[in-house]
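Visitor: Give me a model of this one.
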Amino acid sequence: MISSLHISNYALISKIDIEFARGLNIITGETGAGKSIILGALGLLLGGRADMKAVRDSGSKSVIEATFGIDGHGTIERILKDADLDMIPGECILRRELSPGGRSRAFINDTPVSLATLRDVAMRLVDIHSQHQNLLISDPDYQLRIIDSLGGNAPLLEEYRKAYHAYRIALKAYTDTRESIRRSQSDAEYLQYQYEKLSEMKLRPGEQESLERERDILSNITEIKARVSAVTEPLSGRPGSALAQLSEAASACETLASGVGETSEEDNDSHEGGLRALAERLQSARIELRDIADSLQEFENSLQADPARLVEVEERLSELYSLEMKHHVDTCDALIELRDRLGEQLKELNNSEDVLSELENKARRAKKEAMMLAQKLSEARAATSADFAELLKTRAIPLGMPNLRCEVALTKDKLGPTGCDRLDFLFAFNKNQALTPVGSTASGGEISRLMLCIKSIVAERMELPSIIFDEVDTGVSGDIAQRMAEMMSSIGRKIQVITITHLPGVAAHGHRHFKVYKEDDEEATHTHIRALSEAERAPELALMLSGSSDDPAALANARALLKKAKA
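Guide: Residues are numbered from 1 along each chain as shown. A predicted model of the protein is given here:
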């Protein structure tokens, strides 16, 4: 149940705090006082679209927060746990904040959440029924949701949806492949021609880059040889070359080491060892340079002008470039990829019948699985529909519809996201009247009464903690209004009911009565709400009856209504 509601800086509301009670809570007030504003704020907690124009003071944020008692509602606790949200023993706090800059934020137990998560939790805590929702009663999808909710079909429906999704994927794979094969078959000869031409080229990975390097060398062989010579010349063994000088330096270092070693001083032993090590390093450097010189000379000797090979390389590259231009690619590797892809397409064409047959069988199996689950759904819905029609009739007849007959027509439809059923709620309100869809035969008052009965059934069966009725008694009066009030009061003995009403006969049945009113100050108009004491209830009902809170006859009538409601 909703234990408290806080609204600040929203529309005409500066700040209000409401403490709701168990049972039937009544909200009354003059037209335009702001009852719909409170309902709109509650709608935001159910994930409704935020209108930033509703932020009253552009200098601060708007906050709507409700605290719900959730003792005994394990589903909510499970959802909170699965979402890794903080738990508050026995409570769940939902909050929505609207900033002047246009940002909307949602919280559950002070933890930021997505709007989808807020909606998922809120829809299991409270149901808001407003006048415009009466039109839903004639919507087949809404009717189907009612039957599935009452039948507890959610697990089966989820299993079916997965199977239906798998079927749709399998069917799409089959139809797409069939169309692809059809298009490919019409181009089969051209595909074969392209594949053969590419295969005849005997393409090799990296071939283009290798040929381009070879062409560059063959085209510039004289210049390259000259550059190599410029490197090898200083490394030759001729007098004055780097190798000759290194050899002389190594010999000199050896001589120096020997001269130092002939002395008798002990300190010179270490100098001799160091000099000989340096001589060895010079010899190693000379050997390394000699090896480099030999490698360069070998490379230079391999550089031989070969005009015929150059022509051959350029012709091969020309063929590659031509093919790349034709197929709109940039490299030889891309041509190889294209060739292999064409090969796979031709292979698929050759095996197209087998491929299609396999995909078709897979789609048939998936459809069979979906159909089996759809049939289970149909059977479950049929059983629930019969019980629902009888229960709805039982509840609606006392509300001034003594001749009511009700039937839920379940007809087969094509396989879809919710199964293969179409539901129609059929009603007859008069004797000898044929059963017809509710939208074409019921008056506004009759639809209001039917929706009250449906909502009461759904709320009880689904164990919703709270349900809110927004002027569900519109279009009724007198004894019928009295009976609707009694029904809401009866529902209130099982779950929390919050009812916005203009009928004093309905308001008299409330366990707690709130009045919404407006006040003006020097700057603006403000909406307020307050709980009425028992002493204040009769004057309020009198005001609703006659327009005056102190009219003796109206006060007497009001006290009679309150006494009758308590009885």
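
Visitor: quick one, helices of the stretch 1-150 of the chain?
Guide: With DSSP state H, counting those that start in this stretch as the criterion, the stretch 1-150 of the chain has helices at 35-45, 74-82, 115-122, 140-151.

Visitor: ok, and for the last one, which residues are buried?
Guide: Across helix 140-151, burial judged by 16 or more other Cβ atoms under 10 Å covers Pro140, Gln143, Leu144, Arg145, Ile146, Ile147, Asp148, Leu150, Gly151. In short, each C-beta sits where N, CA and C put it, glycine included.

Visitor: Out of those residues, flag the one nearest to Leu555.
Guide: Nearest to Leu555 among the buried residues of helix 140-151 is Ile146, at 42.4 Å by Cβ to Cβ.

Visitor: The helices of the stretch 1-150 of the chain: which one's closest to Asp479?
Guide: helix 35-45 (25.3 Å).

Visitor: Export the buried residues of helix 140-151 to CSV and append columns for pLDDT.
Guide: Output for the buried residues of helix 140-151, formatted as CSV (pLDDT from 0 to 100):
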residue, pLDDT
Pro140, 83
Gln143, 87
Leu144, 90
Arg145, 86
Ile146, 86
Ile147, 92
Asp148, 90
Leu150, 87
Gly151, 89
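
Visitor: Partner strands of the longest strand along the chain, with direction?
Guide: In the chain, with assignment by DSSP state E, the single longest strand is strand 405-416. Strands flanking strand 405-416 in the sheet, each with its direction: strand 419-428 (antiparallel) (DSSP bridges).

Visitor: Next SSE downstream of the partner strand?
Guide: Per DSSP states H and E, strand 419-428 leads on to strand 436-437 as the next helix or strand towards the C-terminus.

Visitor: residues of the helix or strand following that next one that come out buried?
Guide: Proceeding N to C from strand 436-437, the next assigned helix or strand is helix 444-462, under DSSP H and E. Buried residues in helix 444-462, defined by neighbour count with 16+ other Cβ under 10 Å: 445-461.

Visitor: Angles on the backbone of Lys566, please.
Guide: When read as degrees, to the nearest 10, the backbone of Lys566 gives phi -70, psi -30.

Visitor: That one: neighbour count?
Guide: 8 (other Cβ atoms under 10 Å).

Visitor: just Ile2 next, same as before
Guide: 23.

Visitor: Repeat that for the one 5 residues further on.
Guide: Look at Ile7: counted by other Cβ under 10 Å, it has 25 neighbours.

Visitor: wait, it sits on Arg56?
Guide: No. Using Cβ atoms under 8 Å, Ile7 makes no contact with Arg56, being 10.2 Å away.

Visitor: shared neighbours of the two, anything?
Guide: Ile13 (Cβ atoms under 8 Å, 6 or more residues apart in numbering).

Visitor: Point out where this protein drops to low pLDDT.
Guide: 130-136, 222, 225, 233, 236-240, 260-273, 300-305, 439-442, 462-463, 475 (pLDDT under 70).

Visitor: Show me how it divides into domains.
Guide: Using automatic domain parsing, the domain ranges for the chain come out as 1-125+501-532, 189-349, 533-567.

Visitor: Check which residues of the shortest one are buried.
Guide: So the one you mean is domain 533-567. 537-546, 549, 551, 554-555, 557-558, 561-562, 565.

Visitor: what's near enough to touch Ala188?
Guide: Counting by Cβ under 8 Å, 6+ apart, Ala188 has contacts Leu346, Leu349.

Visitor: swap in Ile491?
Guide: Leu24, Ser456, Ala459, Glu460, Ile467, Val497.

Visitor: what sits against the last one?
Guide: So the one you mean is Val497. Taking Cβ under 8 Å, 6+ apart, one finds Gly23, Leu24, Asn25, Ser466, Ile467, Ile468, Phe469, Met488, Ser489, Ile491 in contact with Val497.

Visitor: For the second one, which non-adjacent residue is spatially closest?
Guide: Spatial nearest neighbour of Leu24, excluding adjacent residues (Cβ to Cβ, 6 or more residues apart in numbering): Gly492 at 3.5 Å.

Visitor: And the residue nearest the centre of this protein?
Guide: The chain has Ala116 as the residue nearest its centroid, 8.4 Å off, counting by Cα atoms, centre = their mean.

Visitor: residues in contact with the closest residue to that residue other than its chain neighbours?
Guide: Excluding the flanking residues, the one nearest Ala116 by Cβ to Cβ, 6+ apart is Gly47, at 7.4 Å. Contacts for Gly47 (Cβ under 8 Å, 6+ apart) come out as Ala106, Leu115, Ala116, Leu118, Arg119, Ala122, Met123.
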